[in-house]
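Novice: Using only what follows, build the 3D model:
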Amino acid sequence: MKENAQLLGILIGGFGPAIFFGLSGILQKYSTQAGISMPFYLIFVGLGVVALGLFMQIVLPDATETSKVGLTSSFLLGIFWGMGNILVAIALVKFSVPISKLSPIYNINTLVVVLLGLFFFAEWKEVESTKLLLGTCLIIAGSLLVTSS
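Specialist: Residues are numbered from 1 along each chain as shown. Got it, this is the predicted structure:
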């Protein structure tokens, strides 16, 4: 039963975001090519996130008690995500780097998450190090291959 729940979680939290993040990369390229200032770019991306948050609160109301730590880490998440997003936009606009070459590089963020998850959440207790190392090598090799194509 637990494995079925985890499989559903992987589908919802893995493949779903892969599709939405992929679509957002295409829209990022499209919006920067259409002409937009970097501050307005971030403002309108932020407004989209706010609109989705309000919609989700209406559709899936959540009475979970919100802590200061939860609010602070969520705010910092927005800052870090916005910084990454604006750096991609600058590379697209100022340096004309194709999104198809940037995406494989910035999606190495997977390795940053894995490394920090292993350290901060003690997830190292739950992983097979050989598979983790092999997967890391494949991610890096795949990113280098796609970027150099």
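Novice: Quick one: mean pLDDT over whatever helix or strand residue 46 lives in.
Specialist: Under the criterion of DSSP states H and E, residue 46 resides in helix 38-59. Averaging pLDDT along helix 38-59 yields 95.
Novice: now do stretch 3-13
Specialist: For stretch 3-13, mean pLDDT is 86.
Novice: Over to stretch 101-112?
Specialist: Mean predicted lDDT for stretch 101-112 stands at 90.
Novice: for stretch 22-33, same thing?
Specialist: Mean predicted lDDT for stretch 22-33 stands at 93.
Novice: you'd agree residue 91 is up against residue 97?
Specialist: Yes: applying Cβ atoms under 8 Å, one finds residue 91 in contact with residue 97, separated by 4.6 Å. Every residue, glycine included, has its C-beta placed from N, CA and C.
Novice: what's the overlap in contacts for those two?
Specialist: Applying Cβ atoms under 8 Å, 6 or more residues apart in numbering, one finds that no residue jointly contacts residue 91 and residue 97.
Novice: and the residue nearest the centre of the chain, which of the three is it?
Specialist: Closest to where the C-alpha atoms of the chain average out (Cα atoms, centre = their mean) is residue 21, at 6.7 Å. Of the three states, residue 21 takes helix under DSSP: H, G, I helix; E, B strand; the rest coil.
Novice: next one: residue 140
Specialist: Three-state secondary structure (criterion: three-state DSSP) places residue 140 in helix.
Novice: per-domain residue ranges of this protein.
Specialist: If the domains of the chain are taken from automatic domain parsing, they occupy 2-107, 108-149, with pieces of a single domain joined by a plus sign.
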